[in-house]
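> Have a look at this prediction, sequence included:
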There are 2 protein chains.
Amino acid sequence: MTPDSTPADVAATVSAAEPPRPITRRSLHDEIVTRVRDMIIEGALAPGARIHEGQLGQQLGVSRTPLREALKFLASEGLIELVPNRGAVVRSFTPKDVRDMLDVLAVLESFAARLACRNASSVEIAEVRALHDRMTERYHVRDRLEYFKLNQQIHSAFLRLSGNATLEAAHAAIQSRLKRIRYIGNREPQQWQDAMAEHQAMIGALEARDGEALARIVTKHMEGTWKRVKATL
Amino acid sequence: MTPDSTPADVAATVSAAEPPRPITRRSLHDEIVTRVRDMIIEGALAPGARIHEGQLGQQLGVSRTPLREALKFLASEGLIELVPNRGAVVRSFTPKDVRDMLDVLAVLESFAARLACRNASSVEIAEVRALHDRMTERYHVRDRLEYFKLNQQIHSAFLRLSGNATLEAAHAAIQSRLKRIRYIGNREPQQWQDAMAEHQAMIGALEARDGEALARIVTKHMEGTWKRVKATL
DNA sequence: TGCGCGTATACTGTATGCAGCATGTACGCT
DNA sequence: AGCGTACATGCTGCATACAGTATACGCGCA
């Protein structure tokens, strides 16, 4: 079967229920970018640590060329820093850097809040609600990793509802830099409970389509995030 | 002289007036990124055009390897798009894309406005004023290219005054994508005059340190920019 | 013993070569 | 004549090899 087979072709060969989704051929580039990004977020590559091309390449089973290309990509994202003739180091952030990022995130999310309340369809809002409910469930059984993942998904979905791709991308770029730091926060039960309460308010305002209220809540939420993480810096 | 010579060393060899600024060794990577970015902004590489690695490499006098690395970097900036196994194409934007970017810029600049009015020193504000005066001068003699460059510099300086590096970077990333489109605008004398008036109001509010007013003005300015460019899309 | 210098080593930066994939073209079949 | 298919070509994706630069160590000298 050729890659550009029509839906009709596929329907003839496979169950009609399955959509003709094209085979995802993850390029090595994407694969490496994702893997290295995850290594940084998970702490396998500590902030300030120098990245050894030969070593890391061998570890991932790829040659230096695609690895280097991936590093340039991550550098543009702001996750690593390129020092001429001395290679790449994992970027480390000062408390002020983190504070600044949270401030920008608050501004972006507030804007997204207003747009989402205006533009999102009821179906889309229901989907976020579903994510929220699953997250609440994870909170009750204290499944921190899964809770965290759903939390990130909610924020991303929320940004997507704004319908502004640039806004979404700008948000995602900053968010990815903070992922690690945010994960480390939320460890104290009280803090976790606070975060949960804020999320509860968020979903409520979204369903009421009260953009102004939602904007206020996400700003407050970001302030809360700062309180939760600043001690760990 | 070794690269890490102390200020004392330098003072002994060169005029004391010259600061010991280290020799700028632009890496090939930076050089290529800048050149290709400029080629896109200036239109030498048209939106939608496919980038031929071998050809462009030869044109720039570099091999494919560093060029490819630079392309990955630009892809992360959003200036070009990478299609697996088919190389890179210059990204083209729909009117909605442009509108979305301007909306985000408005939000970022409004935030920067409030911060700048609070944090900037009088000296820094005076520097922006100086840029503004030079720009006014270029406007009066109808030097459009120089006007445009100073305009960009003012916006960048303004963002720097906010003191939030993340904000500055996020703004710069979007701004660079719009550079070409913005330059094409402002061609009608009336439009140019309008833009000039808005800038006049901006610098006034900055000097008065009226953050709220400045925020309103930059938002209005962005709305004006949209009016100026939308016809060209 | 401490400092300065030279050398060695190891890593990054760049070029080149080969393999795989996409596309355009020409031929054969219906 | 029209369509499908096989092949040729040219590009990208990746690996390897070489050159240039930073760093660390050791030696000589004050």
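On my side now, so go ahead.

> So which helix or strand of chain A has the lowest pLDDT on average?
Ranked by mean pLDDT, DSSP states H and E, the weakest helix or strand in chain A is helix A:7-13, scoring a mean of 40.

> Now do the helices in chain A.
Here chain A has its helices, by DSSP state H, at A:7-13, A:28-42, A:53-60, A:64-77, A:95-119, A:122-140, A:144-161, A:165-184, A:189-207, A:211-230.

> Among those, which comes closest to residue B:60?
With CB to CB as the criterion, residue B:60 lies closest to helix A:64-77 of the helices of chain A, at 16.5 Å. Yep, even glycine has a C-beta here, placed from its N, CA and C like the rest.

> quick revisit: and the helices of chain A: which comes nearest residue B:215?
Of these, nearest to residue B:215 by CB to CB is helix A:95-119, at 11.2 Å.

> list the helices and strands that closest one packs on?
Secondary-structure packing of helix A:95-119 (3 or more CB pairs under 8 Å, 6 or more residues apart in numbering or on different chains; DSSP states H and E): helix A:144-161, helix A:165-184, helix A:189-207, helix A:211-230, helix B:95-119, helix B:165-184.

> Could you save these as JSON lines and add columns showing mean neighbour count, mean pLDDT and distance to residue A:105?
Shown next, in JSON lines, are the helices and strands packed on helix A:95-119 (neighbours: other CB atoms under 10 Å in any protein chain shown; pLDDT from 0 to 100; distance: least, CB to CB, whole Å):
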{"stretch": "helix A:144-161", "mean neighbour count": "18", "mean pLDDT": "92", "distance to residue A:105": "9"}
{"stretch": "helix A:165-184", "mean neighbour count": "19", "mean pLDDT": "92", "distance to residue A:105": "6"}
{"stretch": "helix A:189-207", "mean neighbour count": "16", "mean pLDDT": "92", "distance to residue A:105": "14"}
{"stretch": "helix A:211-230", "mean neighbour count": "18", "mean pLDDT": "94", "distance to residue A:105": "6"}
{"stretch": "helix B:95-119", "mean neighbour count": "21", "mean pLDDT": "97", "distance to residue A:105": "11"}
{"stretch": "helix B:165-184", "mean neighbour count": "19", "mean pLDDT": "92", "distance to residue A:105": "9"}
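
> Residue B:141: which of the helices of chain A is closest?
Nearest of the helices of chain A to residue B:141, taken as CB to CB: helix A:165-184 at 35.2 Å.

> The closest one packs against which elements?
Using 3+ CB pairs under 8 Å, 6+ apart, helix A:165-184 sits against helix A:28-42, helix A:64-77, helix A:95-119, helix A:144-161, helix A:211-230, helix B:95-119, helix B:165-184.

> From DNA strand D, how far off is the spatially closest residue to residue A:180 that is not a sequence neighbour?
Distances taken as CB to CB, 6 or more residues apart in numbering or on different chains place residue A:41 nearest to residue A:180, at 4.8 Å, with adjacent residues excluded. According to CB to the nearest atom of the strand, to the nearest Å, residue A:41 stands 22 Å off from DNA strand D.

> Touching, residue A:41 and residue A:181? I think so.
No: Residue A:41 is beyond contact range of residue A:181, at 9.6 Å (criterion: CB atoms under 8 Å).

> Which residues of chain A lie near chain B?
A:25, A:27, A:29, A:65, A:68-70, A:72-78, A:82, A:84-85, A:97, A:100-101, A:103-104, A:107-108, A:111, A:164-167, A:169-170, A:173-174 (CB under 8 Å from any CB of the partner chain).

> from those, which are also near DNA strand D?
Applying CB under 7 Å from any atom of the strand to these, one finds that A:27, A:29, A:65, A:69, A:85 fall near DNA strand D.

> need those residues in a markdown table with neighbour count, can you?
Formatted as a markdown table, those follow (neighbours: other CB atoms under 10 Å in any protein chain shown):
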| residue | neighbour count |
| --- | --- |
| A:27 | 13 |
| A:29 | 19 |
| A:65 | 14 |
| A:69 | 21 |
| A:85 | 6 |
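
> Return the residues in contact with residue A:134.
By CB atoms under 8 Å, 6 or more residues apart in numbering or on different chains, residue A:134 lies in contact with residue A:150.

> Now do it against residue A:231, distance only.
Using CB to CB, to the nearest Å, we find residue A:134 at a distance of 29 Å from residue A:231.

> cool, and residue A:150?
Relative to residue A:231, residue A:150 is positioned 24 Å away (CB to CB).

> need the contact list for residue A:176.
With contact set as CB under 8 Å, 6+ apart, residue A:176 has these partners: A:37, A:41, A:77, A:79.

> Sorry, slip of the keys, the one I care about is residue A:216.
residue A:110.

> residues from chain A in reach of DNA strand C?
By CB under 7 Å from any atom of the strand, the residues of chain A that approach DNA strand C are A:3, A:50-54, A:64-65, A:68, A:82, A:84-88.

> Most neighbours among those residues, which one is it?
Neighbours here mean other CB atoms under 10 Å in any protein chain shown. Within the residues of chain A next to DNA strand C, the largest count is held by residue A:88, at 24 neighbours.

> Thought residue A:91 was touching residue A:47, still the case?
Yes: using CB under 8 Å, residue A:47 makes contact with residue A:91 at a distance of 6.7 Å.

> quick one: contacts for the closest residue to DNA strand D within chain A?
Ranking the residues of chain A by distance to DNA strand D (CB to the nearest atom of the strand) places residue A:28 first, at 2.4 Å. Going by CB under 8 Å, 6+ apart, residue A:28 touches A:62, A:66.
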